[in-house]
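# Kindly return the folded structure for what I paste below:
(one chain, ligands or ions: 1)
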Amino acid sequence: MRLEDLQARVRAFSDARDWAQFHSPRNLAMALSVEANELLALYLWAKDGGPQPAEPGRVPHVAEEAADVLICLLNFADRAGIDLEAAMLAKLAAAEEKYPADRVRGQARKYDEYPEWKK
Ligand SMILES: [Mg+2]
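Numbers count the residues shown, from 1 in each chain. Take a look at the predicted model:
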């Protein structure tokens, strides 16, 4: 399913319930943060090198919370008038320029933490 089709599906779900009245960009940005944190909470207190998430019972909820994040993001972009596909492709192109693969491969530093790049 294409991104715009998924977005239309989320819009139809919301419109059928008359929930658009609650879906300002601000409220949806907050909801997106809440859902992202629900996803994060599933990994809370997991040990480095241990199972992720720590509790096996949480595993099925990871996909559910990831889906909530996507639903909120699609809804946010729709209500905020953002072409999410274009925005993502532009951001990815900028990141490719900022982080040339042949120079950063295997490193996790931020772009301004490469002293050898400074002029
Ligand atoms: Mg959730």
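# Going by C-alpha atoms from here, please, whenever you check contacts or count neighbours.
OK.
# Show me where the chain has its helices.
Residue ranges of the helices in the chain, as given by DSSP state H, are 3-16, 25-41, 59-80, 84-98, 101-104.
# Looking at those, which is nearest to Gly50?
Closest of those to Gly50 is helix 59-80, at 13.6 Å (criterion: C-alpha to C-alpha).
# Could you check the angle the closest one makes with helix 25-41?
Per axes from the mean of the first three to the mean of the last three C-alpha atoms, to 10 degrees, the angle that helix 59-80 makes with helix 25-41 is 160 degrees.
# what mean pLDDT does helix 59-80 have?
Mean pLDDT, taken over the full extent of helix 59-80, equals 98.
# ok, now stretch 21-29?
Averaging pLDDT along stretch 21-29 gives 98.
# Now that we have the helices of the chain, can you turn them into a markdown table and tack on mean neighbour count and distance to the ion?
Compiled in a markdown table, the helices of the chain are given as follows (neighbours: other C-alpha atoms under 10 Å; distance: least, C-alpha to the ion, whole Å):
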| stretch | mean neighbour count | distance to the ion |
| --- | --- | --- |
| helix 3-16 | 14 | 15 |
| helix 25-41 | 17 | 5 |
| helix 59-80 | 18 | 5 |
| helix 84-98 | 12 | 21 |
| helix 101-104 | 10 | 35 |
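# Serialize those helices to a markdown table and add fields for distance to Lys47.
Compiled in a markdown table, the helices of the chain are given as follows (distance: least, C-alpha to C-alpha, whole Å):
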| stretch | distance to Lys47 |
| --- | --- |
| helix 3-16 | 35 |
| helix 25-41 | 14 |
| helix 59-80 | 15 |
| helix 84-98 | 30 |
| helix 101-104 | 27 |
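# so what's Lys119 scoring on pLDDT?
pLDDT, the model's per-residue confidence, is 62 for Lys119.
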